[in-house]
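Engineer: pasting a predicted model and its sequence here:
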Amino acid sequence: MSPRQRRRHRRAQGSVGKKILLAFTVLIVAIGIGAASVGLWVLDVAADAPDIDSLKPQESGASSQVFAADGSSLGYVQSDVLRTPVPLKKIPERMQKATIAIEDENFYEHSGVDYGAIVRAAIKNVEAGEVKQGGSTITQQLVRNIYITDPEDTIERKIVEAKLAQEYEEKYSKDEILDQYLNSAPYGTNDGRTAVGVQAASQVFFNKDVSDLNLNEAALLAGLPQAPTDYNPFINPHAATKRRNEVLRAMVDQGYISQATYQSNRNDGLGLERGYLYESRTQQYFFDFVQQELIDKYGVATVRDGGLRVYTTLDPHLQAVAEQAIAAHPITGAAAALVSVDAGTGEIKAMASSESYEDSQFNLAAQGRRQPGSSFKPYALTAAVDQGVDPDSTYYPAPSTITITSPYSEPWTVSGGAGASISLRDATANSVNTVYAQVVADIGPDTMDEMAKRMGISSPLAGVPADVLGASDVTVLDQADGFATLANGGVHHDPTAIAKVVLPNGDVDEPEDAEGDRVVTDGVAYTVVDVMKGTLDYGTAACCDIPCPAAGKTGTTEEQSDAWFVGYTPHVATAVWVGNPDERVALPGYGADLAAPIWHDYMMVAASQPCDEFPEPENPAELSPYYSEHTSSSSSSSDSSDYDSSYDTTTTTPTTTTYDAPTDGTADDGNYDPDLYAPGAGQEPLPAAGGGNGQGPPAAPPGNAGGVDTN
């Protein structure tokens, strides 16, 4: 090659080199410009993202738990989310390490975002041809769970998430972040309920507390949050096993467990045991009643997901005694219900029924309205004594049948007498209908019903004379609460099933009815109590007296379809009802035969401590004989021995006429239609308490055809 050719060749080579260099330079500049543009875009997106301090975390919620008075659990309020937060110190280290190993191996090194993990995840995804890894840290997942509503899988969301994660790391320690993550991550949905947090997940998948998890169980749970449905061991055990082993492998790679431990565990089964802690409830009738009380006060959302710890008034020992007392006195074709309240507080100590919750969710004790028969008479007695009527020196004629003419209704014929004049005291002990028909004619049905409402009857009352014989329907809870007012010296407390509610922040909410409402003076209450002692001492329930001072009243309705006994000591008031919950069926006895024995068995335990006398009143009642067109002026023929005992064994239905009928469409006579005697007939249903069916035992027409106490 000549010198000229060599020079020409060198120029050509230099020209090619310059072109390559120029092209490379242009490429680098383009990449730089692109990177700069991307960087500026990322910075712009991050700049537009809100500061974490300006955001309100989403409420993770927590399952509300209900406890008996002794602290034992009655169950959890049903919710679509199952969650019970626990402190990090109660979560075993193996669970913490398994989570870090599979979700965020550099958790303790990064400041919220692991850029190396993002690059590694991108490479893995490219190699796999699909998204296999996300690269998000535990902190990023946490802020996504608590700050980002309905997160979309976009680059913009990931940028915002990364910014929030870095800010979050500046505010909280690593332990605080791990604690929050383990208590807010979703671990899967079963039977329509999602387990959120490791405690709920441990209970659902292994039926145990999180603190009791072994290594394999911890590894299984740690692998679930990435894809809770895909890895759900109840649905896809093969995928769950593979995922668990991936977690164990990651723990080996990061030095948390040895290779030998991995080998000894990788072939083990899943060891699943479906737990129903959050679905299981005891004393379900009472639980529903409590739940409705809570909803009325706090609202549905707070009750279901507010993490309330509800301490109720239910005494498990007395509840068991109540159930045993009912079971000891079975009646073919009939049910029984009992409610017992603390007279001094209104706290419900027992609420029992012979019914099965699986068969019917209707709570006979709290929801079922039934005619009380003559167990309603004490409200008339209290109203009379409150007006100054002396029950010892006031006498009424007590013929077997009497027709009452009063301004409150058209002539009303009532049967059930004592054969002679009798004091109001003895008329109460022996449940003489014709005397009480005259009493209500003297004081007025409105006065009687108003007293009943003030004492605790919350069910609607008809306001007719026949209410004195039980024409209007009431609940067992009504009667226990009403009589408790007498036991408590004339002070009424609203019945409650809740002693206190502990809120998630530790605040305690307690009932506000500490003082109660005075209905009558202690002197009036003491007088009524003293009169009502006669029922157990020598009257219709003498069969069922207890060793401690007590008072009460029997009740049996028309055709013996409902039997009652309501009684009390200075501290406890208990009502018992017996009857068929679905139809009007004659019972094989009266209140004294069927309800009083149940009351006796229960109160032998419930009233044993303390066994006090009713306290003497500070303000004795000022009483005097009462005279009216109905009363008798002579006491010479008054003797409880004159009581017509044949009436104890013969059902007598009062003859009734018409009155101004109520506007609710109920009948105005005593001729009951058996076809109407079905749940809900003739009454507006009480509000269903948490799962109740809103229907209940029927109401008989509230006219002058009141129930008759035949014992």
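Structural biologist: Yep, that arrived.
Engineer: neighbours around residue 174, how many?
Structural biologist: Other residues lying near residue 174 total 13 when counted by other C-beta atoms under 10 Å. Placement of C-beta: from N, CA and C, glycine included.
Engineer: show me the contacts for it.
Structural biologist: Going by C-beta atoms under 8 Å, 6 or more residues apart in numbering, residue 174 touches 107-108.
Engineer: 10 Å instead?
Structural biologist: Residue 174 sits next to 100, 107-108, 138-139 when contact means C-beta atoms under 10 Å, 6 or more residues apart in numbering.
Engineer: residue nearest the middle of this protein, spatially speaking?
Structural biologist: Centroid-nearest residue in the chain: residue 291, 2.1 Å away (criterion: C-alpha atoms, centre = their mean).
Engineer: which SSE is that residue in?
Structural biologist: For residue 291, the enclosing helix or strand under DSSP states H and E is helix 284-298.
Engineer: that helix packs against which elements?
Structural biologist: In terms of contacts (3 or more C-beta pairs under 10 Å, 6 or more residues apart in numbering; DSSP states H and E), helix 284-298 is packed against strand 65-67, strand 73-76, helix 300-305, strand 309-312, strand 348-353, strand 498-502.
Engineer: mean confidence for the helix or strand residue 536 falls within?
Structural biologist: Assignment of secondary structure by DSSP H and E places residue 536 within helix 522-537. Helix 522-537 carries an average pLDDT of 98.
Engineer: that one - contacts with which helices or strands?
Structural biologist: helix 377-386, helix 424-429, helix 476-487, strand 551-556, strand 562-568, helix 596-606.
Engineer: can you redo those as TSV with mean pLDDT and distance to residue 439?
Structural biologist: As requested, those are exported to TSV (pLDDT from 0 to 100; distance: least, C-beta to C-beta, whole Å):
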stretch	mean pLDDT	distance to residue 439
helix 377-386	98	5
helix 424-429	97	7
helix 476-487	98	17
strand 551-556	97	14
strand 562-568	98	19
helix 596-606	98	23
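Engineer: tell me which of these lies nearest to residue 321.
Structural biologist: When the helices and strands packed on helix 522-537 are compared by C-beta to C-beta, helix 596-606 sits nearest residue 321, at 4.7 Å.
Engineer: C-alpha coordinates for that closest one, PDB please?
Structural biologist: What follows is helix 596-606, C-alpha atoms only, in PDB (Å, rounded to 0.1, in the frame of the first residue of the first chain):
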ATOM      1  CA  ALA A 596     -93.600 -20.800  91.400                       C
ATOM      2  CA  PRO A 597     -91.600 -24.100  91.800                       C
ATOM      3  CA  ILE A 598     -89.100 -22.800  89.200                       C
ATOM      4  CA  TRP A 599     -88.900 -19.500  91.100                       C
ATOM      5  CA  HIS A 600     -88.400 -21.300  94.400                       C
ATOM      6  CA  ASP A 601     -85.500 -23.500  93.100                       C
ATOM      7  CA  TYR A 602     -83.800 -20.500  91.600                       C
ATOM      8  CA  MET A 603     -84.200 -18.200  94.500                       C
ATOM      9  CA  MET A 604     -83.000 -20.800  97.000                       C
ATOM     10  CA  VAL A 605     -79.600 -20.100  95.500                       C
ATOM     11  CA  ALA A 606     -79.900 -16.500  94.200                       C
END
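Engineer: so for that helix, what gets flagged as buried?
Structural biologist: Across helix 596-606, burial judged by 16 or more other C-beta atoms under 10 Å covers 596-603, 605-606.
Engineer: kindly report the same for stretch 619-638.
Structural biologist: Applying 16+ other C-beta under 10 Å to stretch 619-638 flags 621, 623, 626, 630-632, 638 as buried.
Engineer: tell me how far that stretch is from the chain's mean position?
Structural biologist: Mean-position distance between stretch 619-638 and its chain equals 48 Å (C-alpha atoms, centre = their mean, to the nearest Å).
Engineer: with just CA atoms, put it into PDB.
Structural biologist: The C-alpha coordinates for stretch 619-638 follow below in PDB (Å, rounded to 0.1, in the frame of the first residue of the first chain):
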ATOM      1  CA  ASN A 619     -90.700   7.700 105.700                       C
ATOM      2  CA  PRO A 620     -93.500   5.400 106.800                       C
ATOM      3  CA  ALA A 621     -96.600   5.700 104.700                       C
ATOM      4  CA  GLU A 622     -99.500   7.600 106.100                       C
ATOM      5  CA  LEU A 623    -102.500   5.400 105.600                       C
ATOM      6  CA  SER A 624    -106.200   5.200 106.600                       C
ATOM      7  CA  PRO A 625    -109.200   3.100 105.800                       C
ATOM      8  CA  TYR A 626    -110.700   3.900 102.400                       C
ATOM      9  CA  TYR A 627    -114.400   4.100 101.800                       C
ATOM     10  CA  SER A 628    -116.200   4.200  98.500                       C
ATOM     11  CA  GLU A 629    -119.400   2.800  97.000                       C
ATOM     12  CA  HIS A 630    -117.500  -0.400  96.500                       C
ATOM     13  CA  THR A 631    -115.900  -0.900  99.900                       C
ATOM     14  CA  SER A 632    -117.300  -2.700 102.900                       C
ATOM     15  CA  SER A 633    -117.600  -0.800 106.200                       C
ATOM     16  CA  SER A 634    -117.500  -3.800 108.400                       C
ATOM     17  CA  SER A 635    -114.600  -6.200 109.000                       C
ATOM     18  CA  SER A 636    -116.500  -8.700 111.100                       C
ATOM     19  CA  SER A 637    -116.900 -11.100 108.200                       C
ATOM     20  CA  SER A 638    -113.300 -10.600 106.900                       C
END
